[in-house]
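J.: Compute the structure for the input listed below.
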Amino acid sequence: MAKNRKTSPAVASAAAKLLAKKQTPKTVKEVAGSALSQAAPKAKQSKKK
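T.: Numbering: from 1, shown residues only. The predicted structure follows:
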């Protein structure tokens, strides 16, 4: 049975920075993309009127 775990915000942030760099190797980008796909979605901020 799979565990319902999410990537922490700190790891998701690091993964996003790695994906943004051109010189990051392909395999690292694959792992970073996997980490981001498992991250919890950010909460949407409501617009105040």
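
J.: ok, the most centrally placed residue in the chain - contacts?
T.: With the centre of the chain defined as its mean C-alpha position, the nearest residue by C-alpha atoms, centre = their mean is Leu36, 2.5 Å away. Residues counted as contacts of Leu36 (C-beta atoms under 8 Å, 6 or more residues apart in numbering) are 7, 12, 15-16, 19. (C-beta placed from N, C-alpha, C; glycine too.)

J.: In helices only, show me these.
T.: The subset of these located in helices under the criterion DSSP state H comprises 12, 15-16, 19.

J.: Name the member of the residues you listed with the most neighbours.
T.: Using other C-beta atoms under 10 Å as the neighbour test, the ones in helices among the contacts of Leu36 are led by Ala15, with 22 neighbours.

J.: in terms of contact, does it touch Glu30 like I think?
T.: No. Counting by C-beta atoms under 8 Å, Ala15 does not reach Glu30; the two are 10.7 Å apart.

J.: which stretches of the protein have low pLDDT?
T.: Within the chain, the stretches with pLDDT under 70 are 1-2, 48-49.

J.: from what I can see, Leu36 looks like it's in a helix, true?
T.: Yes. Membership of Leu36 in a helix is supported by DSSP: H, G, I helix; E, B strand; the rest coil.

J.: do you know how far it is from Thr24?
T.: Taking C-beta to C-beta, to the nearest Å as the measure, Leu36 and Thr24 are separated by 13 Å.

J.: if we can go back for a sec, so which of the ones in helices among the contacts of Leu36 comes closest to Lys44?
T.: Distances from the ones in helices among the contacts of Leu36 to Lys44 were compared by C-beta to C-beta; the smallest belongs to Ala12, at 16.3 Å.

J.: Please report how far that closest one lies from Pro41.
T.: Relative to Pro41, Ala12 is positioned 10 Å away (C-beta to C-beta).

J.: With Thr27 instead?
T.: 26 Å.

J.: same deal with Pro25?
T.: Computed with C-beta to C-beta, the distance linking Pro25 and Pro41 is 27 Å.

J.: Compare the two (neighbour count), which wins?
T.: More neighbours surround Pro25 than the other of Pro25 and Pro41, with 10 against 6 (other C-beta under 10 Å).
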